[in-house]
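# Here is the input, now give the coordinates:
(2 chains)
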Amino acid sequence: MLKIENLHVFYGGIHALKGINLNVEKGKTISLIGANGAGKSTTLRCIMGLVKKSEGSIVYDGKDLTGFKTRDIVKMGLVLTPEGRRIFPNLSVKENIMLGAYTRTDKTEIERDFDRVYELFPRLKEREWQVAGTLSGGEQQMLAVGRSLMSKPKLIMMDEPSLGLAPLIVKNIFEIIREINDNGVTVLLIEQNAKAALEIADYAYVLETGKITLEGKGSDLLNDPDVQKAYLGEAVTKNIEKNE
Amino acid sequence: MSLNIFMQQLVNAASLGSLYALLAIGYTMVYGILRLINFAHGDIFMLSTYIAFYAMTSFLLPWYISFAIAIILTILFGILLERGAYRPLRNSPRISIMISAIAASFLIENLAIVIFGGRPKAFPSVPAFSKIISISGVSTSSISVIIPIVTFIVLILLGYIVNQTKMGMAMRAVSKDYEAARLMGINVNTVISFTFGIGSGLAAIGGVMWGLKYPQLIPLMGLMPGLKCFIAAVVGGIGDIKGAVIGGFILGFGEIMIVAVSAFLPYDLSGYRDAFAFVLLIAILLLKPSGIMGKSSVEKV
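Model (predicted):
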């Protein structure tokens, strides 16, 4: 569904992505994990046309996205829920959700999707007329996801949906990601919370300073000693246990 | 002060305040979306009066067609100004785009002097607007009553556009976050053009009414109202449309009342009329720098 080949991006003078290959199969949940500054967000921003690539190809649904405007990409059903939620704090919850459907004109279907978002997030319905800036962090993340769903995504990309949220809410968010995927939407997930991201993923990639260093089934990576050492912090605990 | 004169001044204040409000909204909307003080806004206002003037005097068109042409051409000019002077600098440091705004202002003013001539021109009087009407002893020209009414209607329309339409929603979204707005599929450039169009249109509506009320045109006539309305926007809380309206009216009432009260004071204060705006600016910057409607943001991160 989405195929990235040899993607290079320069950010100012920095070589942020150094030839990434990534394949997102239809209907799957794919995770991209990696440390801060590894280039995860840059990858997604580049797919959406917010950052220019210097080399390589991004093919979505059989079409090369080179030169496409962000709004054309959104219309094609490729949607990004950005890092830090980026909801519009001055707009009401309802308006935020409506903006997700900005490029759509199918009125009756928009209404139906609207109801579905409220079904998925009853909390948002309760706060329909509240200004979005007054929502809690978890509610804002729900709003960001709900807003993205209004764009009628075929492939939804989520950038750090668990960032800064309480563990219980993180669990909730991941359940919803699973539910979205079960409804037939392909998911590309970026996370620092590697454990949760790998558990949910059919296939996963590890990104390190602009390069994919490891890839495999989510469950395989979860048991990979290198991944455990670098991202799951388990090696350390094991060592301590040994020493004891 | 007799009640009659006071009432008359009140009408004057309402119409001047309306004109200031219309002009101030343009500053505040452009600032809200681009974080730019559009220094050429006062000159756009000046252009609209000259366009109406030439349409009526050179092309001998009726006033309503002339005013419509003036408003439409001014809107186009505002959009063109953004395209030519501001858009190419969108990703440059903020100071560059501000300098470009100052340059655009000087360019328009001086081109106007060359093209229109520096000598003042008299805005043709339109009989429908220069009638003297008197209600229970208070007499005033009809334009002084029409200005607040037109402004009121325009403001309601503006409120509808900003708060109820899809474009208005996009405008408010873009004013907070360009990139997130792009991710919604919003064409940010279109929204910015639209904002400039509305701001310039309001300036043009104010401009033709200004011509009817104060019928002397000079190429630099946009300078002082432009400066004052910028102050009105700051006083009201820049970026906030309601604030700009409130600021405009405070300015209009303040100025007229200084003149009105002077008549009864031993010392004539009316010469300080223009100083009122600047005193007000200093006062608000000392007391509440974010402006009357300005609030510290409530967003959680």
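
# and residue 91, how many residues sit next to it?
Just so you know, I chose chain A. Residue A:91 is flanked by 19 other residues according to other CB atoms under 10 Å in any protein chain shown. Bear in mind the C-beta positions are built from the backbone N, C-alpha and C, glycine included.

# sorry, should have said chain B
8.

# Helix or strand for it, just tell me which one.
Per DSSP states H and E: residue B:91 is located in neither a helix nor a strand.

# roughly how far apart are it and residue B:136?
Here the criterion is CB to CB, to the nearest Å. By it, residue B:91 lies 60 Å from residue B:136.

# For the residue nearest the centre of chain A, give me its contacts.
Nearest to the mean C-alpha position of chain A, counting by CA atoms, centre = their mean, stands residue A:158 at 1.3 Å. Going by CB atoms under 8 Å, 6 or more residues apart in numbering or on different chains, residue A:158 touches A:80, A:81, A:145, A:148, A:177, A:187, A:188, A:189, A:190.

# Any residue of the helix or strand containing the first one touching chain B?
Secondary-structure element containing residue A:80, defined by DSSP H and E: strand A:78-81. Yes: applying CB under 8 Å from any CB of the partner chain, one finds that strand A:78-81 is in contact with chain B at A:79, A:80.

# gap between that strand and the chain center?
Relative to the mean C-alpha coordinate of its chain, strand A:78-81 is positioned 7 Å out (CA atoms, centre = their mean, to the nearest Å).

# Tell me the strands beside it, with direction?
strand A:155-159 (parallel) (DSSP bridges).

# for the partner strand, what is the average pLDDT?
The average pLDDT within strand A:155-159 is 96.

# Kindly export that strand (C-alpha atoms) in CSV.
Extracted in CSV, the C-alpha atoms of strand A:155-159 (Å, rounded to 0.1, in the frame of the first residue of the first chain):
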residue,chain,number,x,y,z
LEU,A,155,-3.8,4.5,5.8
ILE,A,156,-3.5,6.4,9.1
MET,A,157,-0.1,7.4,10.4
MET,A,158,0.2,8.2,14.1
ASP,A,159,3.2,10.0,15.5
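
# and the angle for the next helix or strand after it with strand A:155-159?
Next along the chain after strand A:155-159, taking DSSP H and E as the criterion, comes helix A:167-182. With axes from the mean of the first three to the mean of the last three CA atoms, to 10 degrees defining the directions, helix A:167-182 sits at 160 degrees from strand A:155-159.

# Beyond helix A:167-182, next helix or strand please.
Counting by DSSP H and E, what follows helix A:167-182 is strand A:186-191.

# Show the average pLDDT along that following strand.
Averaged across strand A:186-191, the pLDDT comes to 94.

# ditto for stretch A:84-95
On average, stretch A:84-95 scores 95.

# Any buried residues in it, and which?
For stretch A:84-95, the neighbour count (16 or more other CB atoms under 10 Å in any protein chain shown) marks A:85, A:86, A:87, A:88, A:89, A:90, A:91, A:92, A:93, A:94, A:95 as buried.

# can you tell me if that stretch touches chain B.
Yes: using CB under 8 Å from any CB, we find that stretch A:84-95 touches chain B at A:84, A:86, A:87, A:88, A:89, A:90, A:91, A:95.

# what does chain A have sitting close to chain B?
When proximity is defined by CB under 8 Å from any CB, chain A lies next to chain B at A:48, A:50, A:69-71, A:74-75, A:79-80, A:82, A:84, A:86-91, A:95, A:98-100, A:102-103, A:131, A:133-137, A:140, A:147, A:151.

# For these, which PyMOL command selects only the ones that are buried?
Buried members of these, identified by 16+ other CB under 10 Å, are gathered into one PyMOL selection as follows:
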select buried, chain A and resi 48+50+70+71+74+75+79+80+82+86+87+88+89+90+91+95+98+99+100+102+103+131+133+135+140+147+151
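
# can you tell me which of the residues of chain A next to chain B are in strands?
Under the assignment DSSP state E, these contribute A:79, A:80 to strands.

# tell me the contacts of residue A:52?
Neighbour list for residue A:52: A:9, A:46 [criterion: CB under 8 Å, 6+ apart].

# Spit out the contact partners of residue 28.
The chain I'm using is chain A. Contacts for residue A:28 (CB under 8 Å, 6+ apart) come out as A:181, A:186, A:187, A:202, A:203.

# Chain B, not that one
Per CB under 8 Å, 6+ apart, neighbours of residue B:28: B:233, B:236, B:238, B:239, B:240, B:241, B:243, B:244.

# Check residue B:178 too.
residue B:188.

# Next, give phi and psi for it.
phi -60, psi -50 (degrees, to the nearest 10).

# which stretches of chain A form helices?
Here chain A has its helices, by DSSP state H, at A:40-47, A:70-75, A:93-100, A:107-120, A:122-126, A:137-149, A:167-182, A:194-200, A:218-223, A:225-227, A:234-243.

# now the stretch 51-200 of chain B
B:63-81, B:94-116, B:127-130, B:142-164, B:166-176, B:178-183, B:188-213 (DSSP state H, counting those that start in this stretch).

# if I pick residue B:191, what's in contact with it?
Contacts for residue B:191 (CB under 8 Å, 6+ apart) come out as B:33, B:167, B:170, B:171, B:174, B:181.

# Chain A versus the fourth one, what's the distance?
Note on residue B:171: its distance to chain A, by CB to the nearest CB, to the nearest Å, is 11 Å.

# And for residue B:226?
27 Å.

# Repeat that for residue B:78.
For residue B:78, the distance to chain A (CB to the nearest CB) stands at 24 Å.

# Over to residue B:134?
Using CB to the nearest CB, residue B:134 is found at 46 Å from chain A.

# Please name the residues that touch that residue.
residue B:140.

# Surely residue B:239 and residue B:30 touch.
No: using CB atoms under 8 Å as the test, residue B:239 is too far from residue B:30 to be in contact (9.7 Å).

# what about those two, which has more around it?
residue B:30 (27 against 23).

# which SS class is the more buried one?
helix (DSSP: H, G, I helix; E, B strand; the rest coil).

# Leaving aside the residues adjacent along the chain, what's closest to it?
With sequence-adjacent residues excluded and distances taken as CB to CB, 6 or more residues apart in numbering or on different chains, residue B:30 is closest to residue B:38, at 4.5 Å.

# Could you confirm the one you found falls within a helix?
No: with three-state DSSP as the criterion, residue B:38 is coil rather than part of a helix.

# Check it and give its pLDDT.
96.

# swap in residue A:239?
For residue A:239, the model assigns a pLDDT of 56.

# which bits of the stretch 51-200 of chain B sit near chain A?
By the rule CB under 8 Å from any CB, the part of the stretch 51-200 of chain B lying against chain A is B:166, B:169-170, B:172-173, B:175-177, B:179-187.

# Among the residues you listed, name the buried ones.
Buried members of these, counted by 16+ other CB under 10 Å: B:169-170, B:172-173, B:175-177, B:180-187.

# Quick check: of those residues, which lies closest to residue A:196?
For these, the closest approach to residue A:196 (CB to CB) belongs to residue B:183, at 23.7 Å.

# Would you agree that closest one is in contact with residue A:48?
Yes: the pair residue B:183 / residue A:48 is scored as a contact, 6.5 Å apart, by CB under 8 Å.

# Common neighbours of the two, please.
A:70, A:74, A:80.

# And the second one, how far from residue A:102?
Separation of residue A:74 from residue A:102 (CB to CB) stands at 8 Å.

# joint contacts of these two?
Shared contacts of residue A:74 and residue A:102, counting by CB under 8 Å, 6+ apart, come down to A:151, B:184, B:185.

# pretty sure the first one contacts residue A:79?
What that stands for is residue A:151. Yes: using CB under 8 Å, residue A:151 makes contact with residue A:79 at a distance of 4.5 Å.

# Stretch A:204-211 - what's its average pLDDT?
Rounded mean pLDDT across stretch A:204-211 is 92.

# From the rest of the structure, what touches that stretch?
Contact partners of stretch A:204-211, identified using CB under 8 Å, 6+ apart, comprise A:15-20, A:22, A:30-35, A:37-40, A:43, A:197-198, A:212-218, A:221, A:227, A:231.
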